[in-house]
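> A structural model of the following input is requested.
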Amino acid sequence: MKVKKILVSQPKPTGDKSPYFDIAAKHKVEIVFRPFIKVEGLTVKEFRQQKINLAEFTAVIFTARHAVDHFFRLCEESRVSVPDTMKYFCTTESIALYLQKYIVYRKRKIFFGKSGKLNDPSLLAAMTKNNKEKFLLPVSDVHKEEFKILSENHIDFTVAVMYRTVSNDFGKDEKFDYDMLLFFSPSGISSLLKNFPDFDQKKNGIIIGTFGATTAKAVTDAGLELGFSAPTPETPSMSGALDKYLSDKSK
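Numbering: from 1, shown residues only. Next up, the predicted model:
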């Protein structure tokens, strides 16, 4: 069966430059961006149940843009003023630059790594150098990151759940007529089965592509068939894996 319509379970890229747009034109397919999951912030009341005093911290570790948004939102809603002396440690430069949405970048002390991981050597070195600070680590309710590396480097940190991942339910009149589904997290698979408990992949000939080993495992654990996955040495990105799959099928 020829693939005509593909669902990418991520938000639509901003701007007009994306490898997915190029793929749609190259293979003459329709690509729809429609997340199966969405991020929802904890209320102040819910956050206070963790008994964390935001005013006590002198540094923040950010591993995602959502963490940035919900940290500043909860500070504002809790009427906690973020001091000019606050230090920020980000796992990537893009997250560090995103801070400009809330602070004047050049006036603050901001550090970032290159690998996107907490064990990044340059980021760890910066945190170790500032290990007298009291660090806050905002995360989601389904965070996967291992924080042992922080304890091993004598970083005084507190994990704070500030947002949650929930199913982005389909409406009754929302069409589900896709030939291919692309997933980026196990939560997406859970949402698929929640929305469509009678989902019949074989009957409808739907191909499933995934990014990441845990997402691929979630597909097989659910009794579904995996069409292709990334990253691989040949296709390190999901868009690259999709392009290769469609190219191979057209031969």
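
> where does the spatially closest residue to residue 48 that is not a sequence neighbour fall, phi/psi-wise?
The shortest distance from residue 48 to any non-neighbouring residue, by Cβ to Cβ, 6 or more residues apart in numbering, is to residue 78 (8.0 Å). Yep, even glycine has a C-beta here, placed from its N, CA and C like the rest. For residue 78, the backbone dihedrals (degrees, to the nearest 10) come out as phi -90, psi 0.

> Helices along the stretch 151-251 of the chain, start to end?
Secondary structure of the stretch 151-251 of the chain (DSSP state H, counting those that start in this stretch): helices at 186-195, 201-204, 213-221, 238-249.

> and among these, the most buried is which?
helix 186-195 (a mean of 20; mean count of other Cβ atoms under 10 Å).

> chain center to that helix, what's the gap?
Here helix 186-195 shows a centroid-to-chain-centroid distance of 15 Å under the convention Cα atoms, centre = their mean, to the nearest Å.

> just the angle between it and helix 213-221, please?
Put simply, helix 186-195 runs at 30 degrees to helix 213-221, going by axes from the mean of the first three to the mean of the last three Cα atoms, to 10 degrees.

> could you give me the average pLDDT of helix 186-195?
In this model, helix 186-195 has a mean pLDDT of 92.

> Return the residues in contact with residue 50.
160, 161 (Cβ atoms under 8 Å, 6 or more residues apart in numbering).

> Am I right that it sits in a strand?
No: Residue 50: not assigned to a strand; according to DSSP: H, G, I helix; E, B strand; the rest coil it is coil.

> Got the confidence number for it?
97.

> the inter-axis angle of the helix or strand harbouring residue 139 versus helix 186-195?
Per DSSP states H and E, residue 139 falls inside strand 135-140. On the basis of the same axes, to 10 degrees, strand 135-140 is oriented at 30 degrees to helix 186-195.

> if you average pLDDT over strand 135-140, what comes out?
96.

> Which other helices and strands does that strand contact?
Contacts defined by 3 or more Cβ pairs under 8 Å, 6 or more residues apart in numbering; DSSP states H and E place strand 135-140 against strand 59-62, helix 65-77, strand 157-167.

> now with 6 Å?
strand 59-62, strand 157-167 (3 or more Cβ pairs under 6 Å, 6 or more residues apart in numbering; DSSP states H and E).

> And for it, what's in contact with it?
Contact with strand 135-140 is made by 57, 59-61, 67, 71, 155, 157-163, 165, as judged by Cβ atoms under 6 Å, 6 or more residues apart in numbering.

> strands paired with it, and their directions?
Here strand 135-140 is paired, per DSSP bridges, with strand 59-62 (parallel), strand 157-167 (parallel).

> Let me have those in JSON lines, adding distance to residue 88, mean neighbour count and mean pLDDT as columns.
Below are those laid out as JSON lines (distance: least, Cβ to Cβ, whole Å; neighbours: other Cβ atoms under 10 Å; pLDDT from 0 to 100):
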{"stretch": "strand 59-62", "distance to residue 88": "6", "mean neighbour count": "24", "mean pLDDT": "97"}
{"stretch": "strand 157-167", "distance to residue 88": "14", "mean neighbour count": "18", "mean pLDDT": "93"}
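
> To residue 195, which of these lies closest?
strand 157-167 (7.0 Å; Cβ to Cβ).

> That closest one to helix 65-77, inter-axis angle?
Using the same axes, to 10 degrees: strand 157-167 against helix 65-77 is 110 degrees.

> can you give me how far strand 157-167 is from the chain middle?
12 Å.

> how about the CA coordinates for it, as CSV?
Presented in CSV, the C-alpha positions along strand 157-167 are these (Å, rounded to 0.1, in the frame of the first residue of the first chain):
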residue,chain,number,x,y,z
PHE,A,157,20.0,19.8,44.3
THR,A,158,16.3,19.3,44.8
VAL,A,159,14.1,17.7,42.1
ALA,A,160,10.8,19.6,41.6
VAL,A,161,8.0,18.3,39.5
MET,A,162,6.4,21.3,37.8
TYR,A,163,4.5,19.9,34.8
ARG,A,164,3.0,16.7,33.6
THR,A,165,2.5,14.9,30.3
VAL,A,166,-1.1,14.0,29.5
SER,A,167,-2.9,12.4,26.6
